[in-house]
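*Asks:* Kindly return the folded structure for what I paste below:
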Amino acid sequence: MKKHINIIIFVTLFISTVSIIAILIARGYNLAGNEIKESGILNIESKPKGAKITINGESKGTTPDKIELISGKYEIKIAKDGYSQWQKEIHVEPGIVSDLTVSLFPEDLKLEQITFTNIDKAFFSDTGDIIIYTILEGNNKGIWETKIEKSIFDIASSPSTKLSDIEVIPEECLNSSNYDIQFSQTNTKIILSCNLDTHTLFKLINAQNPSEEPINLNSELGFNPSNINFAYNSDNLLITNGNLYLNYNIGSKAINFIKLEENKDDFIYAFIKDNLLVLEYNYDKSSRFLRTISANLNRTDINLSEEIDITRITGMTGSYDDSYIAINADKTYILDIENFSSEILLLSENTLDIISWSPDGKSLLYIEGDILKSAFIKELPDDGIKLEISNIINNYNNEENSIKWNHNSEQLVVYNTEDQQIYSIYKDGTNKKILFNGSLTNNNTYVISENETFLVILTQDEGINSNLYSVKLAI
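*Replies:* Model (predicted):
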């Protein structure tokens, strides 16, 4: 009988131990030797796929893959034949799935010519798959649009569409090249702006239907605006004229006044979804309020945590996917747009110059002192968030550098005018790879294609002409 009791006790203890271990493993723990240690998941993807993964010198298969690791620091290497190796020290945190998205670039990069006519200026959509360029001479004079195809073999033969005759741009602006083009968020419309001696001329062009006559917005509105921007839904325009702020619907041509202030600097706003997030006074300017304003002028008050002094807000910028917003108010904070009363992240004790948000809305670039930095918003298992901050470039100068995000939101593409180089760099400042050596027609005439297989640039030929060229980023 005693023997049977001992067996029952042993089996019970064994089952209990196994159950406890199973529960611990399910909660992010790992058996290491005779110890149970916390673990996390490393989700590794690469472009191109099929790259070899090495962790602390040990082969771990190929991308894409999910690898469970005991929490701690690891040296990760991603390599594929014909491509430059990518490596980085990462920290695996307990119970967290960490995403690692890597862009590999060919060891040997080739430059290929796309256009064979003299281009005056080129403009690139945010998605990187549309180029609009102007030709001032010859049989092809006009404003043209080219869509970058998905295949790496047909970019040079991508069809071009003429959007407008070149005469839509006043001669004064053509002679000085003092004109600009702005894409709508859907890339279906563009605004041509031309800086004349007395005012700025704005024209709206329908890129989906080039046969439509361009709309002179100055004539349509009945005054000369100071500035015009597309709202995020692309159907509304946010227009400023001195201290006058209004919303113009492109389809209905309805005009709604948004703001009228004695001091233009008092108007602080950021786009969130289809609304404006705006800081404004009440009717007698005795109090300030943070509100959202819809296109039809519906106002909704936003209640911020008392941690942020609303009277000291000097700037706001929203992420592209409408997830987060950065607010400058003596200090710089990151807030969740979906829930303004949720946890507030302190980005810096200083007021910062925010440069841009990544396409996925989880990272942003900013300048603190003379250092270009990135901040990554990491989501935690308990629904909390934290910031991971990295230094990217020391002694950063806006005039000497132009910087853009890759579409995977992990890599940055930088053009340095002093060194005359375009290079890719990981968002924490590691894994620098030079993609092009040479001068561009201006700092911003380059883009990575949406599928990230091309770097497209506008650069000077050996003669006097400027043309579009591509650098293949895939073998």
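
*Asks:* Mind giving me the packing neighbours of the lengthiest strand in the chain?
*Replies:* Using DSSP state E, we find that the single longest strand of the chain is strand 35-47. Secondary-structure packing of strand 35-47 (3 or more CB pairs under 8 Å, 6 or more residues apart in numbering; DSSP states H and E): strand 29-32, strand 65-70, strand 72-79, strand 86-92, strand 97-103. No exception for glycine: its C-beta is placed from N, CA and C like everyone else's.

*Asks:* The last one: how far from the chain's middle?
*Replies:* What separates the centre of strand 97-103 from the centre of its chain is 17 Å, taken as CA atoms, centre = their mean, to the nearest Å.

*Asks:* Now that strand - C-alpha only, CSV.
*Replies:* Output in CSV follows, covering the C-alpha atoms of strand 97-103 (Å, rounded to 0.1, in the frame of the first residue of the first chain):
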residue,chain,number,x,y,z
VAL,A,97,8.0,39.1,-30.8
SER,A,98,10.7,41.3,-32.4
ASP,A,99,10.4,42.0,-36.1
LEU,A,100,13.6,42.3,-38.1
THR,A,101,13.1,43.3,-41.7
VAL,A,102,16.4,43.5,-43.7
SER,A,103,17.1,44.9,-47.1
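
*Asks:* packing partners for that strand?
*Replies:* The contact analysis (3+ CB pairs under 8 Å, 6+ apart) places strand 97-103 against strand 35-47, strand 86-92.

*Asks:* Please identify the most buried of these.
*Replies:* Between these, strand 35-47 has the highest mean count of neighbours, a mean of 18, where neighbours are mean count of other CB atoms under 10 Å.

*Asks:* Report the inter-axis angle for that one versus strand 86-92.
*Replies:* Strand 35-47 and strand 86-92 are oriented at 140 degrees to each other (axes from the mean of the first three to the mean of the last three CA atoms, to 10 degrees).

*Asks:* what's strand 35-47 in contact with?
*Replies:* Strand 35-47 is contacted by residues 21, 24, 28-31, 53, 63-71, 74, 76, 78, 80, 86, 90, 92-104, 408, 452 when judged by CB atoms under 8 Å, 6 or more residues apart in numbering.

*Asks:* Partner strands of that strand, with direction?
*Replies:* Strand 35-47 has its sheet partners listed here by DSSP bridges as strand 29-32 (antiparallel), strand 65-70 (antiparallel), strand 97-103 (parallel).

*Asks:* need these in TSV with mean neighbour count and distance to Leu387, can you?
*Replies:* Putting the strands paired with strand 35-47 into TSV (neighbours: other CB atoms under 10 Å; distance: least, CB to CB, whole Å) gives the following:
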stretch	mean neighbour count	distance to Leu387
strand 29-32	15	26
strand 65-70	15	23
strand 97-103	18	15
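
*Asks:* Pick out the shakiest of the ones you listed, pLDDT-wise.
*Replies:* Of all the strands paired with strand 35-47, the minimum mean pLDDT falls on strand 29-32 (a mean of 52).

*Asks:* and stretch 120-136, how far from the chain's centre?
*Replies:* With CA atoms, centre = their mean, you get 18 Å for stretch 120-136.

*Asks:* export that stretch as PDB, just CAs?
*Replies:* Only the C-alpha atoms of stretch 120-136 are listed here, as PDB (Å, rounded to 0.1, in the frame of the first residue of the first chain):
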ATOM      1  CA  ASP A 120      14.100  70.100 -66.500                       C
ATOM      2  CA  LYS A 121      12.700  68.800 -63.200                       C
ATOM      3  CA  ALA A 122      11.400  65.500 -61.800                       C
ATOM      4  CA  PHE A 123       9.100  64.900 -58.900                       C
ATOM      5  CA  PHE A 124       8.500  61.500 -57.100                       C
ATOM      6  CA  SER A 125       5.400  60.300 -55.300                       C
ATOM      7  CA  ASP A 126       5.600  59.200 -51.700                       C
ATOM      8  CA  THR A 127       4.900  55.600 -52.700                       C
ATOM      9  CA  GLY A 128       7.900  55.800 -55.000                       C
ATOM     10  CA  ASP A 129       6.100  54.200 -58.000                       C
ATOM     11  CA  ILE A 130       5.200  57.400 -59.900                       C
ATOM     12  CA  ILE A 131       7.500  60.000 -61.500                       C
ATOM     13  CA  ILE A 132       6.300  63.300 -62.900                       C
ATOM     14  CA  TYR A 133       8.800  65.200 -65.000                       C
ATOM     15  CA  THR A 134       8.900  68.200 -67.300                       C
ATOM     16  CA  ILE A 135      10.400  68.600 -70.800                       C
ATOM     17  CA  LEU A 136      10.900  72.100 -72.000                       C
END
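
*Asks:* what is the rounded mean pLDDT of that stretch?
*Replies:* 90.

*Asks:* Break the chain into its domains for me.
*Replies:* 2-103, 116-372 (automatic domain parsing).

*Asks:* need the least confident one among the ones you listed, by mean pLDDT.
*Replies:* domain 2-103 (a mean of 78).

*Asks:* Quote the end-to-end distance of stretch 60-77.
*Replies:* 10 Å (CA to CA, to the nearest Å).

*Asks:* returning to that earlier point: mind putting the helices and strands packed on strand 35-47 into a markdown table with distance to Asn398?
*Replies:* Converted to a markdown table, the helices and strands packed on strand 35-47 look like this (distance: least, CB to CB, whole Å):
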| stretch | distance to Asn398 |
| --- | --- |
| strand 29-32 | 46 |
| strand 65-70 | 39 |
| strand 72-79 | 32 |
| strand 86-92 | 27 |
| strand 97-103 | 25 |
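
*Asks:* which parts of stretch 132-152 are buried?
*Replies:* Residues of stretch 132-152 classed as buried by neighbour count (16 or more other CB atoms under 10 Å): 132-136, 142-149.
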